[in-house]
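Chemist: Predicted coordinates and the sequence they were generated for:
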Amino acid sequence: DTGVSQDPRHKITKRGQNVTFRCDPISEHNRLYWYRQTLGQGPEFLTYFQNEAQLEKSRLLSDRFSAERPKGSFSTLEIQRTEQGDSAMYLCASSYGQSPEAFFGQGTRLTVV
Amino acid sequence: KQEVTQIPAALSVPEGENLVLNCSFTDSAIYNLQWFRQDPGKGLTSLLLIQSSQREQTSGRLNASLDKSSGRSTLYIAASQPGDSATYLCAVDSGGGADGLTFGKGTHLIIQP
């Protein structure tokens, strides 16, 4: 299966620690998105990459959050000095420029204790 | 700012019934609307995408309609099955992909055997 892959699936960390998540999009998909979803809510947009360029960031993406997509392939999302409010499901999605349909990964469930 | 509302928030029906899920959005200037399915603790599975110029899309027992001028979409599920139990999310693309998707909170659907 060549769908969107996210790693790890689950992460438990202590408050104040840094965490990093990885997303491998569908091959040749040039658009990559990160979303955050809390319990009972729909996903909320965090950031958007077109190839290696980060073109859009939501105001939800505080300065503790940073995302990269070196070489326009996989992407990483790092959260520094985690807080309990960061506990959520972090979802990655990809799409191809000429087709708007977004394909999502299985997500990374973060729990900050 | 685009806002998406889904009604009802939860729905429980006996197996075999036909049902309708509703989605409304505040800004009619959209590029497309997408319906997703999400199983507990999982990522999102794309069900149907309707371009702004289209009125409906069909896939198997699913039919989605779009009335852009009134800011409404419906997802019709025919002959419901227990395997259809999941949360159904509606999302709109208002920025041509650059701002990601704006999601509703979803409709939690339970199909009773």
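Modeler: Nice, thanks for sending it over. Numbering: from 1, shown residues only, chains lettered A, B, ... in the order given.
Chemist: Does residue A:99 belong to a helix, a strand or coil?
Modeler: Three-state assignment for residue A:99 (DSSP: H, G, I helix; E, B strand; the rest coil): coil.
Chemist: Need the CA coordinates for stretch A:73-89. PDB is fine.
Modeler: What follows is stretch A:73-89, C-alpha atoms only, in PDB (Å, rounded to 0.1, in the frame of the first residue of the first chain):
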ATOM      1  CA  SER A  73       9.600  14.300   0.100                       C
ATOM      2  CA  PHE A  74       8.800  13.400   3.800                       C
ATOM      3  CA  SER A  75       8.000  16.000   6.400                       C
ATOM      4  CA  THR A  76       8.600  16.300  10.100                       C
ATOM      5  CA  LEU A  77       6.700  18.200  12.700                       C
ATOM      6  CA  GLU A  78       8.500  19.100  15.900                       C
ATOM      7  CA  ILE A  79       6.900  20.400  19.100                       C
ATOM      8  CA  GLN A  80       9.300  21.900  21.600                       C
ATOM      9  CA  ARG A  81       8.600  22.200  25.400                       C
ATOM     10  CA  THR A  82       5.400  20.200  25.100                       C
ATOM     11  CA  GLU A  83       2.400  21.300  27.100                       C
ATOM     12  CA  GLN A  84      -0.700  19.300  28.200                       C
ATOM     13  CA  GLY A  85      -2.700  21.300  25.700                       C
ATOM     14  CA  ASP A  86      -0.700  19.800  22.900                       C
ATOM     15  CA  SER A  87      -2.300  16.400  23.500                       C
ATOM     16  CA  ALA A  88      -4.100  15.600  20.300                       C
ATOM     17  CA  MET A  89      -4.100  13.600  17.100                       C
END
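Chemist: Tell me the buried residues in it?
Modeler: For stretch A:73-89, the neighbour count (16 or more other C-beta atoms under 10 Å in any protein chain shown) marks A:74, A:75, A:77, A:79, A:82, A:86, A:87, A:88, A:89 as buried. C-betas here are computed from N, CA, C, even on glycine.
Chemist: Between these, which sits nearest residue A:46?
Modeler: Of all the buried residues of stretch A:73-89, the one sitting nearest residue A:46 is residue A:77; the distance, using C-beta to C-beta, is 7.7 Å.
Chemist: Which SSE is immediately downstream of the one helix or strand residue B:75 maps to?
Modeler: Take DSSP states H and E as the rule and residue B:75 turns out to sit in strand B:72-77. Counting by DSSP H and E, the element after strand B:72-77 in chain order, helix or strand, is strand B:86-93.
Chemist: Against which helices or strands is that following strand packed?
Modeler: Using 3 or more C-beta pairs under 8 Å, 6 or more residues apart in numbering or on different chains; DSSP states H and E as the contact criterion, the elements in contact with strand B:86-93 are strand B:4-7, strand B:19-25, strand B:32-38, strand B:72-77, strand B:101-103, strand B:107-112.
Chemist: In the sheet, which strands lie alongside it, parallel or antiparallel?
Modeler: As defined by DSSP bridges, the strand partners of strand B:86-93 come to strand B:32-38 (antiparallel), strand B:101-103 (antiparallel), strand B:107-112 (antiparallel).
Chemist: so can I have JSON lines of those strands showing mean pLDDT?
Modeler: Listed next are the strands paired with strand B:86-93 as JSON lines, based on pLDDT from 0 to 100:
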{"stretch": "strand B:32-38", "mean pLDDT": "97"}
{"stretch": "strand B:101-103", "mean pLDDT": "96"}
{"stretch": "strand B:107-112", "mean pLDDT": "98"}
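Chemist: which of the buried residues of stretch A:73-89 sit farthest apart?
Modeler: A:74 and A:87 (24.0 Å).
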